[in-house]
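Asks: Could you look at this predicted model? Sequence included:
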Amino acid sequence: MRELEHRFPNELAVVGVHSGKYIAERETARIREAAIRLGVTHPIVNDRQFRVWRAYAVRAWPTLVVVDPDGYAVVSHAGEFTSAMVAPVVERLIEAADAAGVLRRGADELPPPDPPAIPPGTLRYPGKVALDASRDRIAVADTAHHRVLVGTLADGGRRMRVEHVVGSGTAGLRDAEQGGAAAQLALPNGIAFARTPSGGETLYVADTGNHAVRAVDLATGAVRTLAGTGRRLRTRADLAAGAMASPWDLAVLGSTLYVAMAGAHQIWEIDLATGERRVHAGQGGEDIRDGALQDALLAQPMGLSAAVDAGRLYVADAESSAVRWADLDPGGAVGTVVGTGLFDFGDADGAGDAVRMQHQQGLAVHESGRLLVADSYNDALKWVDPTTRRVESWIRGLHEPGGLALGRGLVYVADTNAHRVAIVSETTGEIADLVIEGEGLSPEP
């Protein structure tokens, strides 16, 4: 839609109608936060009772309805679409409306959106956080500032001294031979530290808005594109060209980088030695179905964490409000810890199929073998036992947490809508903000 708005700025008026699946998505304040985070400037209707949905006979997300200047719905399309598919329709409507003398050109002036409920500071909607505990290193995806901050921890892990700013602060896709601030990212999320065979350090970044994975050399600051074309994967030709679809989180094991490919409902893997990419798990359809790796169905995986001893990847499967697992062995399977269906969600602790979560986006494996899950739309952190399938709420009152990392007896939480990294003590549950300091932290307005 953004491409169409730019192509027809004086002829096309875009109105978003948000008919939220989740209870949390029906809250106007959360919709406003999401619009600000994603840079949406057109008006949005909160269709929380699905009245507009029913009036236009909508049956699926997303659905596009084109309305002509006389107010008639002339086109309706359910499912994903590209600007190239829609542009010819708009051009024909413009031509017909011009001929009939009913087209009013000119962009309408809209008031600026209300500011975020919590004003951003150094961070703006951070999505993920990662630790390299052996070297006291931390990285934060400063998502809506289109950059990643990398630094060292001090003061018992409660202060971050920034050493690298990766990304200029303006959305784009640009590599840089040195000085990461010259590079451009777009809405980065998942981040993962890795060591190279030569002893160097690399930070891998799920560059979600660019549908790419980037690699940052932490010695030189050089940024390169490891995978992705900058365009979303939609067709077989796109796949052959190397395109990806909304990579959201990462995990590194040896020479393999695992990617939570949210837009394709799959887990991909990249061989870091050869650059070869392949699907590790997920058929590509959106659902919750266990089975062999290539036959199983996932639903918008947005969090990824490896349990080496168990030989598994654990997955925050957001659209099924589930916690899933996928064997590392290529001959293995996909299973479900908790979660029962695409429309089964809520906020209920317990065990097995009685558990309800709501669009969780991040998780981490604790040294005890338990999982700590960011239950994002319930604004909570919850402990999950993958063996007994028991879930217990631990921390509440966060603001749509998107990712977390464990280390030093502390939990680092990307508390997205609070524009902070929260630090939670494992022993006391006490919450504080990570103090971030360093040069070059003031983003461009």
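Replies: Arrived safely, thanks for sending.

Asks: what residues are up against Val365?
Replies: Ser305, Ala306, Ala307, Tyr314, Leu371, Leu406 (CB atoms under 8 Å, 6 or more residues apart in numbering). (Each C-beta comes from the backbone N, C-alpha and C, glycine too.)

Asks: And for the closest residue to Asp249 other than its chain neighbours, the neighbour number?
Replies: Nearest non-adjacent residue to Asp249, counting by CB to CB, 6 or more residues apart in numbering: Gly190, 3.5 Å away. By other CB atoms under 10 Å, 29 other residues sit near Gly190.

Asks: What of Val102?
Replies: 11.

Asks: same thing with Ala354?
Replies: Applying other CB under 10 Å, I find that Ala354 has 13 neighbouring residues.

Asks: which residues does the residue lying closest to it once chain neighbours are set aside bridge with?
Replies: Leaving aside its chain neighbours, Ala354 sits nearest to Ala348 (6.6 Å; criterion: CB to CB, 6+ apart). Beta-bridge partners for Ala348, by DSSP bridges, are Arg356.

Asks: I'd say Ala348 and Gly339 touch.
Replies: No - using CB atoms under 8 Å as the test, Ala348 is too far from Gly339 to be in contact (12.0 Å).

Asks: longest helix in the protein, by residue count?
Replies: helix 83-100 (DSSP state H).

Asks: before we move on, the earlier item: pipe the contacts of Val365 into TSV and attach pLDDT, neighbour count and distance to Asn46 per row.
Replies: Shown next, in TSV, are these (pLDDT from 0 to 100; neighbours: other CB atoms under 10 Å; distance: CB to CB, whole Å):
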residue	pLDDT	neighbour count	distance to Asn46
Ser305	97	25	34
Ala306	95	19	39
Ala307	94	17	40
Tyr314	98	24	34
Leu371	98	24	33
Leu406	97	18	36
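
Asks: any common contacting residues for Ala348 and Gly339?
Replies: Common neighbours of Ala348 and Gly339 (CB under 8 Å, 6+ apart) are Val355.

Asks: Tell me which of these two has more neighbours.
Replies: Neighbours were counted for Ala348 and for Gly339 using other CB under 10 Å; Gly339 has more, 22 against 12.

Asks: That one contacts Trp325, doesn't it?
Replies: No - the pair Gly339 / Trp325 is not scored as a contact, 11.3 Å apart, by CB under 8 Å.

Asks: Show me what Asp132 bridges to in the sheet.
Replies: Where Asp132 sits in a bridge, its partners, by DSSP bridges, are Arg137.

Asks: okay, it: pLDDT?
Replies: As predicted, Asp132 sits at a pLDDT of 94.

Asks: from memory it sits against Ala194, does it?
Replies: No - using CB under 8 Å, Asp132 is not in contact with Ala194; the gap is 9.0 Å.

Asks: who touches both of these two?
Replies: With CB under 8 Å, 6+ apart, Asp132 and Ala194 have common neighbours Glu201.

Asks: one step back: I'd like the contacts of Val365 as a markdown table, with secondary structure and distance to Leu398 appended.
Replies: Converted to a markdown table, the contacts of Val365 look like this (DSSP: H, G, I helix; E, B strand; the rest coil; distance: CB to CB, whole Å):
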| residue | secondary structure | distance to Leu398 |
| --- | --- | --- |
| Ser305 | strand | 19 |
| Ala306 | strand | 24 |
| Ala307 | strand | 24 |
| Tyr314 | strand | 20 |
| Leu371 | strand | 17 |
| Leu406 | strand | 16 |
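
Asks: and of these, the nearest to Asp155?
Replies: Leu406 (18.2 Å; CB to CB).

Asks: mind listing what the closest one touches?
Replies: Applying CB under 8 Å, 6+ apart, the residues contacting Leu406 are Leu131, Ala364, Val365, His366, Glu367, Leu372, Tyr412.
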